[in-house]
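K.L.:
Provide a 3D model corresponding to the input given below.
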Amino acid sequence: MGEVEGVAGESNMRVEAQTEAAFRDAELVVISPGVPADLDLLASARARGVPVIGELELAAPFLEGQNIGITGTNGKTTTTALTGHILRESGIACQVGGNIGTAPAAMVETSRPDQWNVLELSSFQLETIEAFCAPIAACLNLTQNHLDRHHSFENYVKAKARLFETQGAGDLAVLNADDPVTVTFARRTPGQTVWFSGTHPVFGAWLDGDIIKLQGEELLNVNQLLLRGRHNYENVMAAALMASRAGAGLSQIAAAAASFAPVEHRLEFVREIDGLSYYNDSKATSVDATLKAIDAFPGGLWIILGGKDKDSDYTVLRDPLHKKARAALLIGAAAAKIAKHLGDSVPTVQCGTLAAAVDRASRSANAGDTVLLAPACSSFDQFDNFEQRGRVFKDLVNALGKEKR
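P.N.:
The predicted structure follows:
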C-alpha cells in the first residue's frame, strides 16, 4: 500500500494491491476495459451490493452532446474514424474516441452540447454498461473473438448487444443485413433499425455492382474510394447511414468518403520494391479479420500469420489461402497451432519473428506478389500492442534495400 502526494487541499490517492481487503469499504468499483468483469473479487463486491462499472459507464453522465457508438468484431476503427471524418467534412461538430485514441472519460472535458461523440466500443467496454446510451449505434459484424476473455461466443454476443439494449424508442440501430448474428440485434433495440448489405437491396444502404446506394439514391462508385476490399465498402455504408442520421447530406458524405485514407495498420499500403507490394494489416487480430484481408487481394500472397492465440480456429483459412497464397510465414506463440490447422493447404514456413518473416518474403517473393501482415492473433507474445507490431513491420520493410536478392 502506498500514497500519492497531492497538492494542498486535495486528498491523497491511495494505491493498494488488488485484494479482498482493498475492496472491503468500497462504495463503487470502476474497472478498466482490460480487467475481466468476472473476477472473484468483483463478484464478492457485487454480492455486497457494491456497483461494479467500467470507465465508459463512469463517463456517460458527464459526456455532453450525443453519442454515436460503433461496435463489431472487425472494422470498428476504420468505421469510427470514417464517421468522424464525414461529420467534420460536413461541418458537423464531433470528437472521436472510445476504444480508438482517447478514452471516453478523457473526452468529457472537451465535450459540448452541440456536438457528437463518435465512439469505437469494444465488448470489454460494453459488458458493464447500464445508463450509457448511443442514439445512433452500429454493429458491423460478429464472429468468434476474445473467447479467452468471454469464455463463450454467447457471452461475447451478449456484451455487444448491450449497446442496443440501452437505446431508446427514437434511436437508430445500423445493422449488417448479411450477418446472421448481427441481424438478431434488431429485436434487442427499442429504436428504429436500418440495414446495410453487400449483396442485396435493403432499407438503408447496399452495394449494387460497384455502386453504393443510400436509401435508393446513388452515393458513389467504390472505385472512387481509397479503401479497398468488400468489408471496407460495408464500413462505408454503415458510416454513411450514421452520418446521414446526424445531418450530413448525400453529396457531403460521398465527397468525404472518397477522400478518406485507410487508417494506420488496417490494410495500409507500406511500399513497393521491384514490383513486390507490402501491406500492413496488423489490426487483423482475429481470424475473421484475416479472412477479410485475404479477400481484398486477387492472389500471390505471402501472408504473415501468428502471435498470441485467442483460442481461435484457423482451419477456416485453409481454402482461401490454398486459392490465393504462395506461402504462410508463421511467427510467435501460435505458429505451431496455425501450422497444424492449415495442414497441407498452403506451404508454411516457421519464421519465429517478424523480422525473419519479412526477410524470407523479400528473398522468396516475385514481382506482382504481395507480402501481407494479417496475423489473425493478438500481439502480446512479442509486442506491446498491434500498433507496435505494425510499426515494426513498416520499419523492417522500409529498411529493405532496393534489390530483393
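K.L.:
only C-alpha atoms for contact and neighbour calcs from this point on.
P.N.:
Noted.
K.L.:
What count of nearby residues applies to residue 113?
P.N.:
Using other C-alpha atoms under 10 Å, residue 113 has 9 other residues around it.
K.L.:
what residue ranges in this structure are flagged as low confidence?
P.N.:
1-13, 144-151, 402-405 (pLDDT under 70).
K.L.:
most centrally placed residue in it?
P.N.:
residue 76 (3.8 Å; C-alpha atoms, centre = their mean).
K.L.:
if I look at that one, how far off is residue 169?
P.N.:
24 Å (C-alpha to C-alpha, to the nearest Å).
K.L.:
can you give me the strands in the stretch 51-200 of the chain?
P.N.:
For the stretch 51-200 of the chain, applying DSSP state E, counting those that start in this stretch gives strands covering 52-54, 66-71, 94-98, 116-120, 136-139, 172-176, 192-197.
K.L.:
swap in the stretch 201-350 of the chain?
P.N.:
Under DSSP E, counting those that start in this stretch, the stretch 201-350 of the chain gives strands at 204-208, 211-214, 217-221, 268-273, 276-280, 301-306, 325-331, 348-352.
K.L.:
how close does residue 314 get to residue 361?
P.N.:
Distance from residue 314 to residue 361, by C-alpha to C-alpha: 21 Å.
K.L.:
The two: which has the busier surroundings?
P.N.:
residue 361 (24 against 17).
K.L.:
That one: which element?
P.N.:
helix 354-364 (DSSP states H and E).
K.L.:
now that helix: how far from the chain's centre is it?
P.N.:
Centroid displacement of helix 354-364 relative to its chain, using C-alpha atoms, centre = their mean, to the nearest Å, is 27 Å.
K.L.:
Same question for stretch 84-104.
P.N.:
15 Å.
K.L.:
do the same with stretch 34-46
P.N.:
The answer for stretch 34-46 is 25 Å, by C-alpha atoms, centre = their mean.
K.L.:
Now do the buried residues in it.
P.N.:
Neighbour-count burial for stretch 34-46 flags 37, 41, 42, 45 (criterion: 16 or more other C-alpha atoms under 10 Å).
K.L.:
Next, format those as TSV and append secondary structure and distance to residue 330.
P.N.:
Converted to TSV, the buried residues of stretch 34-46 look like this (DSSP: H, G, I helix; E, B strand; the rest coil; distance: C-alpha to C-alpha, whole Å):
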residue	secondary structure	distance to residue 330
37	coil	33
41	helix	38
42	helix	38
45	helix	43
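K.L.:
Nearest spatial neighbour of residue 66, chain-adjacent residues omitted?
P.N.:
residue 116 (5.0 Å; C-alpha to C-alpha, 6 or more residues apart in numbering).
K.L.:
The one you found contacts residue 67, correct?
P.N.:
Yes - using C-alpha atoms under 8 Å, residue 116 makes contact with residue 67 at a distance of 5.7 Å.
K.L.:
what does the longest helix along the chain contact?
P.N.:
Ordering each helix of the chain by length in residues (DSSP state H) puts helix 230-245 first. Contacts to helix 230-245, defined as C-alpha atoms under 8 Å, 6 or more residues apart in numbering, come from residues 68, 75, 78-80, 82-83, 86-87, 136-138, 140, 174-175, 194, 196-198, 204-207, 212, 214, 222, 227, 250, 253, 257, 292, 295-296.
K.L.:
Just want the angle from it to strand 217-221.
P.N.:
If you take axes from the mean of the first three to the mean of the last three C-alpha atoms, to 10 degrees, helix 230-245 sits at 140 degrees to strand 217-221.
K.L.:
got the angle between helix 230-245 and strand 192-197?
P.N.:
150 degrees.
K.L.:
now helix 230-245 and strand 204-208, what's the angle there?
P.N.:
140 degrees.
K.L.:
Sort out which residues of helix 230-245 are buried, please.
P.N.:
230-244.
K.L.:
do the same with stretch 211-221
P.N.:
211, 212, 213, 214, 215, 218, 219, 220, 221.
K.L.:
Over to stretch 23-33?
P.N.:
Buried residues in stretch 23-33 (16+ other C-alpha under 10 Å): 23, 31, 33.
K.L.:
Could you do stretch 185-200 as well?
P.N.:
185, 186, 188, 189, 190, 191, 193, 194, 195, 196, 197, 198.
K.L.:
end to end, how far does it reach?
P.N.:
For stretch 185-200, the end-to-end distance is 19 Å (C-alpha to C-alpha).
K.L.:
likewise stretch 197-208?
P.N.:
Start-to-end, stretch 197-208 (C-alpha to C-alpha) is 10 Å.
K.L.:
got it, and stretch 269-283?
P.N.:
Note: stretch 269-283 ends 13 Å apart using C-alpha to C-alpha.
K.L.:
One more: stretch 361-377?
P.N.:
The first-to-last residue distance of stretch 361-377 comes to 20 Å (C-alpha to C-alpha).
K.L.:
And for stretch 339-350?
P.N.:
End-to-end for stretch 339-350, by C-alpha to C-alpha: 8 Å.
K.L.:
do you know how far the closest residue in space to residue 266 that isn't next to it in sequence is from residue 269?
P.N.:
Nearest residue to residue 266, sequence neighbours excluded (C-alpha to C-alpha, 6+ apart): residue 281, at 4.5 Å. To residue 269, residue 281 is 9 Å away according to C-alpha to C-alpha.
K.L.:
Look at the two and report which has more neighbours.
P.N.:
Under the neighbour definition other C-alpha under 10 Å, residue 281 and residue 269 were set side by side, and residue 281 has more, 28 against 16.
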